[in-house]
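Novice: how would this look folded up:
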Amino acid sequence: MSKAAAGRALETAIEASTQAVAQGETVTLVGFGSFKPVKRAARTGKNPATGAALKIAAKTVPKFLAGTTFKDRVAKKK
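Specialist: As a prediction, this is how the structure comes out:
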């Protein structure tokens, strides 16, 4: 496979994964990990420049959970 074809395949996979997570689905890459949407509650934050309190709205964010194989390799296990 050429470098250009590999790049297009990777871009397509990333786009499909991003759309799936945006629609509320969990995307699992066996041996690597999973991406899933998680709802973050509204909270009160603090402006670091002024110290003034500010409201941070609730939102949905992506979360990555590393798979066992990935964790083991990072920990240098075999």
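Novice: going forward, measure contacts and count neighbours with C-alpha atoms only.
Specialist: Noted.
Novice: thought residue 31 was touching residue 72?
Specialist: No: between residue 31 and residue 72 there is no contact under Cα atoms under 8 Å: 10.2 Å.
Novice: chain center to stretch 52-63, what's the gap?
Specialist: In terms of Cα atoms, centre = their mean, to the nearest Å, the centre of stretch 52-63 is found 16 Å from the chain centre.
Novice: What of stretch 56-67?
Specialist: 7 Å.
Novice: looking only at pLDDT, what's the mean for that stretch?
Specialist: Averaging pLDDT along stretch 56-67 gives 96.
Novice: Start at 4, not 1
Specialist: In the new count, where the first residue is 4, that last one comes out as stretch 59-70.
Novice: which residues touch that stretch?
Specialist: For stretch 59-70, contacts defined as Cα atoms under 8 Å, 6 or more residues apart in numbering pick out 24, 33-48.
Novice: Now do the helices in the protein.
Specialist: 6-25, 71-77 (DSSP state H).
Novice: which residues of the chain score low on pLDDT?
Specialist: Low-confidence segments of the chain (pLDDT under 70): 80-81.
Novice: Could you report the separation of the residue of the chain most remote from its centre from residue 33?
Specialist: Distance to the chain centre peaks in the chain at residue 53, reaching 31.0 Å (criterion: Cα atoms, centre = their mean). The gap separating residue 53 from residue 33 is 46 Å, by Cα to Cα, to the nearest Å.
Novice: And for residue 59?
Specialist: Per Cα to Cα, residue 59 is found 35 Å from residue 33.
Novice: just residue 13 next, same as before
Specialist: Using Cα to Cα, residue 13 is found at 16 Å from residue 33.
Novice: Next: residue 41.
Specialist: According to Cα to Cα, residue 41 stands 20 Å off from residue 33.
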